[in-house]
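Engineer: Structure for the following, please:
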Amino acid sequence: MVDAPPKLPSNFKKPNEEEHKKALEEVNARIDKLQKQMDAVKEKINKLPGKADNTRRDELRATLQDLRDKQAEIKKGKQAVFEQLDALNDSIRKKVGNIKALQSKVPYKTVAEVDERISELEAKIESGMLQEITTLKRNRSAVEGLDEQQAAIDKERTIYDELRKHIDDGESKKLSEQYEKANAELRNIQADQTQARESRNKLYDERTRLKGLLDEEYTKLRAMRDEYRKANDEYYTFLRQLREYKKEQERQRKLQEEAAKREEAAKQELELASLPAFEHEITLCDNLANFLQSFLNKSDASANGSGTAAPSNTTPAKAGGRVVEAPEGFALKSKSEREEENMFFMGGGGKKKGNKRNNTNKESKTDALKLPLATMEGFFEVKVTVPTKVSDIASTLEKLKERKAYYLAEQPRVTEENKKKAQEKIDAMLKIEQQQEKEEQQKEQEKPQEQEASA
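Structural biologist: Next up is the predicted model:
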């Protein structure tokens, strides 16, 4: 049973569907805009040429490799000349380096320049110029070494050029030209492919950027929908729980009412079962005995000529200290009706006083006894044979007495059995109620699990 009604959080309110739709429309508008841009980029990508035909590039690479192989063969055949050229080249570089180093120290390139400066200074001998003249004369020998080195360099270059002429024959030159031409064409192809690849990559990058923006917007869209759905579910879950709470309260109220009714019914049944058994049968025996006794009293009164009326069959009488009521199924009648009925039971049918003596004579002549059906059913109920003659009344009264004695003797035992049966019935009913309550509680416990599973 739910102890308290469910409550919404204090800061929670019902989701606004209009605001939610408006926010979704704004996000969808941005998504549509980005999608159009994405479609435009994809269209450009689709219009890009397919996979480049690299047949010509592969042919050029094969040609260049073939030319390199041929040049390598030629170079291999002239390896000695190349080695000599390398040696001359190294010697020339070294000598040129020495000349440059010496020239950086001596500001004159030729011996004539040095002699001319010496003569100029000697003609103007002054104090302080002698030291410069001495330095120039000392450097003259170094300048003379420059001329010798320059002459050696020129000689080696002449030899280098002569050897080079022998290497640079027509075939090598032709191969070099072919190589340069094929290499230039290959570079152009590679440049075009590079440019196309850069354009394609630029489009791919733009597509990736737009896809990232679209993913962000879709993530926002999903988050908004999830948040709205969660809030909506929470709100309607509250309403459902509230309905379930009210329904449960109503069910509990009905259960309590039904339990109270069952308890009252059980109490009444137990009270009824606690009543002495055979009360109805005992009373019926008394009523039937008094009813039959009334016939005997009438017969005695008629025989003695008494004018006093016998007790009516419907008048309560006391028998053995018990109040005897009229037999069940009878109704109280007026005095005249009772007298007529008594006369009918005795065989009489007249109403006038002048015929009273004749009726009495007729009654005395017959022994037949006619009883109403309700009275006969009373005899059936107490299991006593219905008397059919007035002469059977005495034995029937004895049998009624025996049946009454039997009922009185069995009354304590049967009363206790009735109480026991009633209590067993009540216990069985309580056990069924407890089992039903247990099943209801189990169903209530399974409901949240089923709801979680369906969610």
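
Engineer: where exactly do the helices run in the protein?
Structural biologist: Ranges of helices within the chain are 17-47, 55-77, 79-105, 111-123, 129-167, 170-274, 279-304, 335-345, 356-365, 373-381, 393-454, based on DSSP state H.

Engineer: What average pLDDT does the longest one get?
Structural biologist: Meaning helix 170-274. When pLDDT is averaged along helix 170-274, the result is 86.

Engineer: Among the helices of the chain, which comes closest to K7?
Structural biologist: helix 170-274 (8.0 Å; Cβ to Cβ). C-betas here are computed from N, CA, C, even on glycine.

Engineer: Helix 55-77 and that closest one, what's the angle between them?
Structural biologist: Relative orientation of helix 170-274 and helix 55-77, computed by axes from the mean of the first three to the mean of the last three Cα atoms, to 10 degrees: 130 degrees.

Engineer: Remind me what helix 170-274 packs against, helices and strands.
Structural biologist: If you count contacts as 3 or more Cβ pairs under 8 Å, 6 or more residues apart in numbering; DSSP states H and E, helix 170-274 packs onto helix 17-47, helix 55-77, helix 393-454.

Engineer: okay, these in TSV with mean pLDDT next?
Structural biologist: Supplementary listing: the helices and strands packed on helix 170-274 in TSV, determined by pLDDT from 0 to 100:
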stretch	mean pLDDT
helix 17-47	91
helix 55-77	81
helix 393-454	84
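
Engineer: could I get the ones you listed as TSV with distance to E198?
Structural biologist: Output for the helices and strands packed on helix 170-274, formatted as TSV (distance: least, Cβ to Cβ, whole Å):
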stretch	distance to E198
helix 17-47	14
helix 55-77	17
helix 393-454	55
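
Engineer: re the thing from before, of the helices of the chain, give the one that comes closest to P5.
Structural biologist: When the helices of the chain are ranked by distance to P5, counting by Cβ to Cβ, first place goes to helix 170-274 at 5.0 Å.

Engineer: Direction-wise, compare that closest one with helix 393-454 and give the angle.
Structural biologist: Angle, helix 170-274 to helix 393-454, by the same axes, to 10 degrees: 160 degrees.

Engineer: any idea how far A374 lies from P387?
Structural biologist: 15 Å (Cβ to Cβ, to the nearest Å).

Engineer: just to revisit the earlier point, L8 is nearest to which of the helices of the chain?
Structural biologist: Of all those, helix 170-274 sits nearest to L8, with 5.3 Å by Cβ to Cβ.

Engineer: The closest one vs helix 17-47, what angle?
Structural biologist: Relative orientation of helix 170-274 versus helix 17-47 (the same axes, to 10 degrees): 150 degrees.

Engineer: The chain should start at 424 in everything you say after this.
Structural biologist: All set: I'll call the first residue 424, so the last point we hit is now helix 593-697.

Engineer: Now render the helices of the chain as a markdown table, adding mean neighbour count and distance to K430.
Structural biologist: Shown next, in a markdown table, are these (neighbours: other Cβ atoms under 10 Å; distance: least, Cβ to Cβ, whole Å):
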| stretch | mean neighbour count | distance to K430 |
| --- | --- | --- |
| helix 440-470 | 13 | 23 |
| helix 478-500 | 13 | 77 |
| helix 502-528 | 12 | 98 |
| helix 534-546 | 14 | 114 |
| helix 552-590 | 13 | 103 |
| helix 593-697 | 13 | 8 |
| helix 702-727 | 19 | 60 |
| helix 758-768 | 15 | 77 |
| helix 779-788 | 13 | 91 |
| helix 796-804 | 15 | 66 |
| helix 816-877 | 13 | 17 |
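
Engineer: E694 is nearest to which of the helices and strands packed on helix 593-697?
Structural biologist: helix 816-877 (9.0 Å).

Engineer: how far does that closest one sit from the chain's center?
Structural biologist: Here helix 816-877 shows a centroid-to-chain-centroid distance of 48 Å under the convention Cα atoms, centre = their mean, to the nearest Å.

Engineer: Also stretch 477-495?
Structural biologist: Mean-position distance between stretch 477-495 and its chain equals 67 Å (Cα atoms, centre = their mean).

Engineer: do the same with stretch 596-616
Structural biologist: With Cα atoms, centre = their mean, you get 68 Å for stretch 596-616.

Engineer: Just the CA atoms of that stretch, as CSV, please.
Structural biologist: This file holds the C-alpha atoms of stretch 596-616, laid out as CSV (Å, rounded to 0.1, in the frame of the first residue of the first chain):
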residue,chain,number,x,y,z
LYS,A,596,74.6,14.4,-74.9
LYS,A,597,71.6,12.9,-76.7
LEU,A,598,70.8,10.7,-73.6
SER,A,599,71.0,13.8,-71.4
GLU,A,600,68.7,15.8,-73.6
GLN,A,601,66.2,12.9,-73.7
TYR,A,602,66.5,12.6,-69.9
GLU,A,603,65.9,16.3,-69.3
LYS,A,604,62.9,16.3,-71.7
ALA,A,605,61.2,13.2,-70.1
ASN,A,606,62.0,14.5,-66.6
ALA,A,607,60.4,17.9,-67.4
GLU,A,608,57.2,16.2,-68.7
LEU,A,609,57.1,14.0,-65.6
ARG,A,610,57.4,17.0,-63.4
ASN,A,611,54.5,18.7,-65.2
ILE,A,612,52.3,15.6,-64.8
GLN,A,613,53.2,15.4,-61.1
ALA,A,614,52.5,19.1,-60.7
ASP,A,615,49.0,18.6,-62.2
GLN,A,616,48.3,15.7,-60.0
